[in-house]
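J.: Sequence and predicted model, in that order:
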Amino acid sequence: MVEAQILVVGVITASIVILSILWFKSKKLDQPPLPPGPRGLPILGYLPFLSSNNLHHDFTKLATKFGPIYRLWLGSKLCVVISSPALAKEVVRDHDKVMANRDVPIAVRVLYPGGLDIAWAPYGSNWRTMRKVFVKDMLSNNNLEAAHVHLKNEVKKSIRFVYSKIGTPINIGELAYTIGLNVIMTMVWGGTLDEELRGTAEEGFRNLSPQVMDLLGKPNISDLFSLPDFLDLQGISKQMKNVGKQLHGLLDLVIDQRMKMMSNGRVEYKSKDDQNTKDFLQILLELKERNDGGAKINISQIKAMIIDMFLGGIDTTATTLEWVMAEILANPNVKERVTQELNDVIGMDTNVEDIHLNRLNYLEAVLKESSRMHPPLPVLVPRSPTQSCIVGGYTIPKDTRVLINVQSIHRDPQAWQNPSKFDPERFLDENGKCDFDGANFQYLPFGSGRRICAGLPLAKTTLMYVLPSLLQSFDWMIPNGEEVDLEDKFGIVVKKKVPLFACPSPRLHNSKLYE
Ligand code: HEM
């Protein structure tokens, strides 16, 4: 009798287990498949078929074969590439919270040993705190207005520099980088550093930032095959550790000097403008000490945010500026119209003033069109879902690397008429409402959703002041009447393959305006 009971219980238990397995299996079968994609080689996946100089173009070509969502195995890393406005909308709006996570490379973890920065921090409370401080406290409207004073001073210095080089070819990318670096440095620590430290910091950031960007742009085998950090077959982690140490060392010197000034009860400013505006370092250090119940930040977070400004802000802005200048010089009719607008709105007897800026509609359209054709971050910053989700009817498993190919989206013939033509007019008529704010999924140079570029207002203000200033003060010509080369090369920021050189000649009536 007892044996019979045991047998019945056993049969029932076994049936439940088998039915559960079948149910789970059928559920799994119900799940949509992975997106389609090219076959790769065992272990290596599709890696051998991609060119590291042309990755963004390879991604675009694959979309023409496999459609607006496809998957690739890069080593053991599953990547999904999204190439249409409708699917981008699913990722950055419908699944915004799940997709607000990043796929963090090992080199980034090495660069921020004390905790990740805003751009790479996982979606969560640490990211929220830093992002809030960055956007609401540092880049508030008031602070941006105050920072505008520094921007004007730096542009004035650059105009003076260009004037001293009249007739000689100038490397526009380098000029833009110097303006960007000086603007960010002045906004971050104002005129408070002693001359020697300011010089050391400037030289340090000028040398170290491109090295960091270069290392970040290199595909790392350790990431693609989930190898332990210590294997570091290409030596990327080692190099990043070394560069990161120098970068953090510089910031420590700058922060120490400021904290000493603060503990002495006075911050010594070098100019009146600086006295009237709190620089970002001051704002951040005060938030570290705050007692009003608001979010406090620590030194690692402060350093990470400052590095974000240097790494996230300078190269992207300078590259955008170089592309806009290249497109203007490559399109004489566009140049003529830009010049006409500058003459009408500003004239030749004064420098660019704030009142002129929101009347430069055509120039703004040129900036937008250039950012459409040459988005500096053509696949944004990789996202990584915190849980499996369904996009375009396909499954994207948790932890996949998701790339939004804005380069492709910006040239999608279903979203843009005549997409390979440089035509600023399109931003003045039917697409006039397309702004940089990520609300329109066919146009995402700054990304969209929760992880949209945190420096967008600063980038826009900087570009829309530097550009008219350079174009109104000088007529720019390509040396020897050569053609402008518009080819690009892949990197973490996609730049011109051949740097743009142009010769300035003065346009303004009064030479005092260049002093
Ligand atoms: C033309 C100039 C710029 C371009 C084209 C640009 C573009 C972008 C893009 C595409 C992203 C990723 C967005 C996404 O994943 O959806 C991003 C993120 C970011 N950008 Fe920019 N950016 C520019 C300037 C700046 C500036 C001036 C700063 C700071 C001063 C900055 C700071 C950041 C930060 C901190 C993030 C990370 C945001 C997050 O993950 O929450 N950027 N940027």
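T.: Structure received. Numbering: from 1, shown residues only.
J.: got the residues of the stretch 101-250 of the chain near the ligand?
T.: For the stretch 101-250 of the chain, the residues found near the ligand under the criterion CB under 6 Å from any ligand atom are 118-119, 131. Yep, even glycine has a C-beta here, placed from its N, CA and C like the rest.
J.: how does it look with 5 Å?
T.: Contact residues (CB under 5 Å from any ligand atom) of the stretch 101-250 of the chain with the ligand: 118-119.
J.: Residue of the stretch 101-250 of the chain closest to the ligand, please.
T.: As assessed by CB to the nearest ligand atom, the ligand sits closest to Ala119 within the stretch 101-250 of the chain, at 3.6 Å.
J.: so how far is the top helix by length along the chain from its chain's centroid?
T.: As assigned by DSSP state H, the longest helix anywhere in the chain is helix 299-330. Averaging C-alpha positions (CA atoms, centre = their mean, to the nearest Å) puts helix 299-330 7 Å from its chain's average.
J.: Stretch 368-375 too?
T.: The answer for stretch 368-375 is 14 Å, by CA atoms, centre = their mean.
J.: Would you tell me whether that stretch gets close to the ligand?
T.: No: against the ligand, stretch 368-375 shows no contacts by CB under 5 Å from any ligand atom, the least distance being 6.6 Å.
J.: Alpha carbons of that stretch, as PDB, please.
T.: Only the C-alpha atoms of stretch 368-375 are listed here, as PDB (Å, rounded to 0.1, in the frame of the first residue of the first chain):
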ATOM      1  CA  LYS A 368      22.400  70.800 -38.800                       C
ATOM      2  CA  GLU A 369      22.900  69.600 -42.300                       C
ATOM      3  CA  SER A 370      26.600  69.000 -41.600                       C
ATOM      4  CA  SER A 371      25.800  67.100 -38.500                       C
ATOM      5  CA  ARG A 372      23.400  65.000 -40.500                       C
ATOM      6  CA  MET A 373      26.000  64.000 -43.000                       C
ATOM      7  CA  HIS A 374      28.900  63.800 -40.600                       C
ATOM      8  CA  PRO A 375      27.700  62.900 -37.100                       C
END
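J.: hmm, who's touching that stretch?
T.: For stretch 368-375, the surrounding residues in contact (CB atoms under 8 Å, 6 or more residues apart in numbering) are 320, 323-324, 327, 406-407, 410-411, 416, 422-424, 426-427, 434-436, 443-445, 488, 494.
J.: got the end-to-end distance for stretch 166-176?
T.: Counting by CA to CA, to the nearest Å, you get 17 Å between the two ends of stretch 166-176.
J.: go on, stretch 417-436?
T.: 19 Å.
J.: buried sites along it?
T.: Under the neighbour-count criterion of 16 or more other CB atoms under 10 Å, stretch 417-436 has 419, 422-424, 426-427, 431, 434-436 buried.
J.: for the residue lying closest to Asn405 once chain neighbours are set aside, phi and psi?
T.: Using CB to CB, 6 or more residues apart in numbering and skipping residues adjacent in sequence, the residue nearest Asn405 is Ser83, 4.5 Å away. Backbone torsions for Ser83, taken as degrees, to the nearest 10, come to phi -130, psi 20.
J.: residues in contact with Ser83?
T.: 59-60, 63, 67-69, 405, 408-409, 412.
J.: and of these, the nearest to Ser140?
T.: Closest approach to Ser140 among the contacts of Ser83 (CB to CB): Ile409, at 31.3 Å.
J.: List the residues that contact that closest one.
T.: 83-85, 88, 415, 441-444.
J.: what do you get for Asp103?
T.: With the criterion set at CB under 8 Å, 6+ apart, Asp103 makes contact with 382-384, 399, 401-402.
J.: can we see that at 10 Å?
T.: Contact analysis of Asp103 by CB atoms under 10 Å, 6 or more residues apart in numbering lists 77, 79, 120, 223, 381-385, 399-403.
J.: just the buried members of the contacts of Ser83?
T.: 59-60, 63, 67-69, 405, 408-409, 412.
J.: what would those look like in TSV with secondary structure and distance to the ligand?
T.: Compiled in TSV, the buried ones among the contacts of Ser83 are given as follows (DSSP: H, G, I helix; E, B strand; the rest coil; distance: CB to the nearest ligand atom, whole Å):
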residue	secondary structure	distance to the ligand
Phe59	helix	15
Thr60	helix	17
Ala63	helix	19
Gly67	coil	22
Pro68	coil	18
Ile69	strand	17
Asn405	coil	12
Ser408	helix	14
Ile409	helix	12
Asp412	coil	17
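J.: between the residues you listed, which is nearest Gln472?
T.: For those, the nearest to Gln472 is Ile409 (32.9 Å; CB to CB).
J.: Can you pull out the low-pLDDT segments for the stretch 1-150 of the chain?
T.: 1-29 (pLDDT under 70).
J.: just the strands in it please.
T.: 69-74, 77-82 (DSSP state E, counting those that start in this stretch).
J.: Tell me which of those strands is the most buried.
T.: strand 77-82 (a mean of 23; mean count of other CB atoms under 10 Å).
J.: near the ligand, anything from that strand?
T.: No: using CB under 5 Å from any ligand atom, strand 77-82 never reaches the ligand; the gap is at least 11.8 Å.
J.: Quick check, Trp73 in contact with Gly37.
T.: Yes: if you go by CB atoms under 10 Å, Trp73 and Gly37 touch, sitting 7.9 Å apart.
J.: Need the residues touching each of the two.
T.: In contact with both Trp73 and Gly37: 45-46, 79, using CB under 10 Å, 6+ apart.
J.: Next, format those as TSV and append distance to Glu289.
T.: Formatted as TSV, those follow (distance: CB to CB, whole Å):
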residue	distance to Glu289
Gly45	50
Tyr46	51
Cys79	43
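J.: Show me the one of the strands of the stretch 1-150 of the chain that comes nearest Phe161.
T.: strand 77-82 (42.2 Å).
J.: and that closest one with strand 69-74, angle?
T.: 150 degrees (axes from the mean of the first three to the mean of the last three CA atoms, to 10 degrees).
J.: Tell me who's in contact with the residue of the stretch 101-250 of the chain closest to the ligand.
T.: Counting by CB under 10 Å, 6+ apart, Ala119 has contacts 102, 104, 108, 127, 130-131, 304, 307-308, 311-312, 381, 451, 453-455.
J.: The residues you listed: which two are farthest apart?
T.: Most distant of the contacts of Ala119, by CB to CB, are Val104 and Gly455, 19.6 Å apart.
J.: The two: who's more crowded?
T.: Neighbours per residue, other CB atoms under 10 Å: of Val104 and Gly455, the larger number sits with Gly455, 22 against 17.
J.: and the closest residue to the more buried one other than its chain neighbours, what is it in contact with?
T.: Nearest non-adjacent residue to Gly455, counting by CB to CB, 6+ apart: Gly313, 5.1 Å away. Going by CB under 10 Å, 6+ apart, Gly313 touches 180-181, 183-184, 187-188, 453-455, 458-459, 462.
J.: now those residues in CSV, with pLDDT, distance to Ile166 and secondary structure?
T.: Shown next, in CSV, are those (pLDDT from 0 to 100; distance: CB to CB, whole Å; DSSP: H, G, I helix; E, B strand; the rest coil):
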residue, pLDDT, distance to Ile166, secondary structure
Gly180, 90, 23, helix
Leu181, 91, 23, helix
Val183, 87, 23, helix
Ile184, 90, 27, helix
Met187, 86, 29, helix
Val188, 89, 32, helix
Cys453, 97, 36, coil
Ala454, 96, 38, coil
Gly455, 96, 33, coil
Leu458, 93, 30, helix
Ala459, 95, 29, helix
Thr462, 94, 25, helix
